[in-house]
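Participant: Provide a 3D model corresponding to the input given below.
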Amino acid sequence: MGSPVQRHHYWGTYAAAGQLPNVSGSSTQDALLEAGDTAYVPGAIGLTVCTDATLGAAQWQGAAQAATMRRSYGTGSLAFAGKPAPLTTVAARGNAERGGGNWQAIEQFDLYYNMCVMHLRVYDTNDVLIAETEQRFASLADVVAWVNANTPSAGGGFTANCQFEIHDEIDGTVDMPAKVYGKNRLWAGLTAKTFGKYYHSPPAWSCFDANGSNRRLHLANVLNNIWNYLYPTSPMPAPAAWTANEFGVFWLSRNRLRKYDMPGFVNSLAMPAPKPRRYARDIVTSTTALATVFMFNDAAAANLVGYSALLPNGTADTLPTAFGTFEAFSLLSKKIMGGYSVVLGYPLTDGANKRSVLIKPIGMDQFYLDSFDPTKYRVEAVGVQRRDFHPRIAVLSGLSQAHNERSTSVITGGNFAEVFGYTNSQAQGGIPGRHGYRTGTVKFQYRDLATGHVGPVSTAAIKTVWRQRARPFALMVRNNVGV
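Facilitator: Here you go, the predicted structure:
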């Protein structure tokens with residue numbers, strides 16, 4: 001059984017930093033000095049903390065610089081009086097889950113939490129603290145070894161209880177991710193060939209220029225899926241035979257501020273025409289749209305709008321080829337969190353025989369951070385669920401650096417799904433009439449690989465859009481200045 005942890009000591013006042021205990025040349029050399037002990041030096045230094053207690057080579061740091069804040073990931077239990085001893089890693093996971101609290105931190109310790117600080121406390125059956133430690137453990141096996149060495153047992157069972165608290169030390173000297181970028185990959189593909197390649201406010205009035213994309217056939221398949229859903233009795237030519245005119249039948253909105261917003265349906269959507277490269281289609285041909293205004297076509301399809309998507313590998317989704325507003329309640333979250341990219345199409349008409357489709361992006365599905373030094377930091381997602389549970393983390397490993405674009409490689413919903421509350425039950429619960437399942441938010445942090453400290457989380461967060469018009473599920477980047 002281990003002894004209770006020794007608390008840090010105050011070593012008094014010293015006239016100068018060179019006189020602090022155990023530093024080179026100091027007359028005070030004491031083997032009892034420990035990292036974390038404090039002393040006071042009048043003037044600018046003030047209260048100072050020992051960071052290295054080595055005799056003759058100690059290091060001290062001003063408390064204002066050395067102080068760190070904590071972010072707790074919750075508490076739980078590892079061993080119970082009367083339960084089998086010694087503890088195993090399997091039993092530790094089971095005990096943590098049965099005991100409540102952040103059992104995921106134990107379940108995923110070796111993956112995500114092994115650079116956090118673990119505070120372990122052992123109490124006898126009279127609730128008297130008999131052993132304690134606060135340190136980083138390299139693995140769950142090391143945690144289990146400490147529990148077995150410091151929690152008393154007899155006759156094959158523990159005679160005391162062991163509890164844990166797990167937290168991070170937030171260090172202001174560790175960088176904060178400066179920006180979180182988000183985009184809709186499919187929308188980006190439809191606008192990438194427009195003049196200037198603007199994503200937020202494409203200068204084009206339609207998808208006409210997507211005909212020049214090296215992925216034109218995949219984009220044509222996606223748009224054709226929407227057309228066939230809205231106008232099943234008036235099919236387009238086969239996508240391989242499309243010209244730029246067929247792409248021009250699918251219109252873009254150039255309003256940057258409302259790019260992700262969905263217009264109303266019947267009698268509330270009016271799009272101006274003619275505009276450059278805006279086309280419309282009758283039964284057999286795609287020609288320049290000449291009418292003054294195109295309105296929402298309430299005679300198109302029963303489900304108002306059609307959704308279509310790209311698969312994670314960049315090819316057109318075929319299961320289903322397209323779907324409507326009712327199916328979107330159960331399908332959108334699964335597709336977006338699975339790495340798909342989704343747009344929808346509003347049917348438009350000139351009131352006679354000409355028809356077109358307005359394309360809008362369903363939120364964001366690819367995310368990026370600014371490029372960083374992977375030899376110094378690792379990136380972690382920090383998520384909270386909507387029910388205000390403890391924060392949880394997930395390591396985003398293997399992010400490559402695209403310094404010419406000032407960004408990392410792609411992060412998708414699947415990389416942070418679990419930490420902000422998107423589990424299997426949520427995935428299967430997003431259907432009409434079921435309102436109990438919600439995700440929370442996710443931010444990002446850097447962890448210093450040398451110290452284990454983390455920096456502040458990003459001010460930008462990825463949040464979920466729930467049950468708004470035509471968007472029963474979408475992801476968006478929101479910036480919270482000062483939060």
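Participant: contacts, neighbours, all on C-alpha from now
Facilitator: OK.
Participant: could you pull out the strands for the stretch 301-450 of the chain?
Facilitator: 306-310, 341-349, 355-361, 366-369, 377-384, 392-396, 401-402, 407-408, 441-448 (DSSP state E, counting those that start in this stretch).
Participant: right, so of those strands, which gets closest to residue 174?
Facilitator: Closest approach to residue 174 among these (Cα to Cα): strand 441-448, 6.8 Å.
Participant: can you give me the helices for the stretch 201-350 of the chain?
Facilitator: 216-230, 244-248, 325-337 (DSSP state H, counting those that start in this stretch).
Participant: scratch that, the stretch 51-200 of the chain
Facilitator: Using DSSP H, counting those that start in this stretch, helices in the stretch 51-200 of the chain cover 63-66, 89-99, 103-107, 140-150, 185-191.
Participant: likewise the stretch 351-483 of the chain?
Facilitator: For the stretch 351-483 of the chain, applying DSSP H, counting those that start in this stretch gives helices covering 413-416, 424-427.
Participant: Quickly list the domain ranges of this structure.
Facilitator: 10-66, 71-170, 184-361, 365-479 (automatic domain parsing).
Participant: about what we covered before: relative to residue 72, which of the helices of the stretch 201-350 of the chain is closest?
Facilitator: For residue 72, the closest of these is helix 325-337, at 27.1 Å, according to Cα to Cα.
Participant: How about residue 59, nearest residue that isn't a chain neighbour?
Facilitator: Leaving aside its chain neighbours, residue 59 sits nearest to residue 52 (4.9 Å; criterion: Cα to Cα, 6 or more residues apart in numbering).
Participant: Wait, the one you found touches residue 33, no?
Facilitator: No. When contacts are counted by Cα atoms under 8 Å, residue 52 is not listed as touching residue 33 (9.1 Å).
Participant: More neighbours: those two, which one.
Facilitator: residue 33 (21 against 18; other Cα atoms under 10 Å).
Participant: which other residues reach stretch 69-80?
Facilitator: Stretch 69-80 is contacted from outside by 87, 92-93, 95-96, 99-103, 105, 147, 158-171, 390-392, using Cα atoms under 8 Å, 6 or more residues apart in numbering.
Participant: would you turn the helices of the stretch 201-350 of the chain into TSV with mean pLDDT?
Facilitator: Below are the helices of the stretch 201-350 of the chain laid out as TSV (pLDDT from 0 to 100):
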stretch	mean pLDDT
helix 216-230	94
helix 244-248	95
helix 325-337	88
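Participant: Tell me which of these sits nearest to residue 345.
Facilitator: Taking the helices of the stretch 201-350 of the chain one by one with Cα to Cα, helix 216-230 is closest: 6.4 Å.
Participant: For the closest one, name the packing helices and strands.
Facilitator: Contacts defined by 3 or more Cα pairs under 8 Å, 6 or more residues apart in numbering; DSSP states H and E place helix 216-230 against helix 185-191, strand 306-310, strand 341-349.
Participant: If I take that helix and strand 306-310, what angle do their directions form?
Facilitator: 160 degrees (axes from the mean of the first three to the mean of the last three Cα atoms, to 10 degrees).
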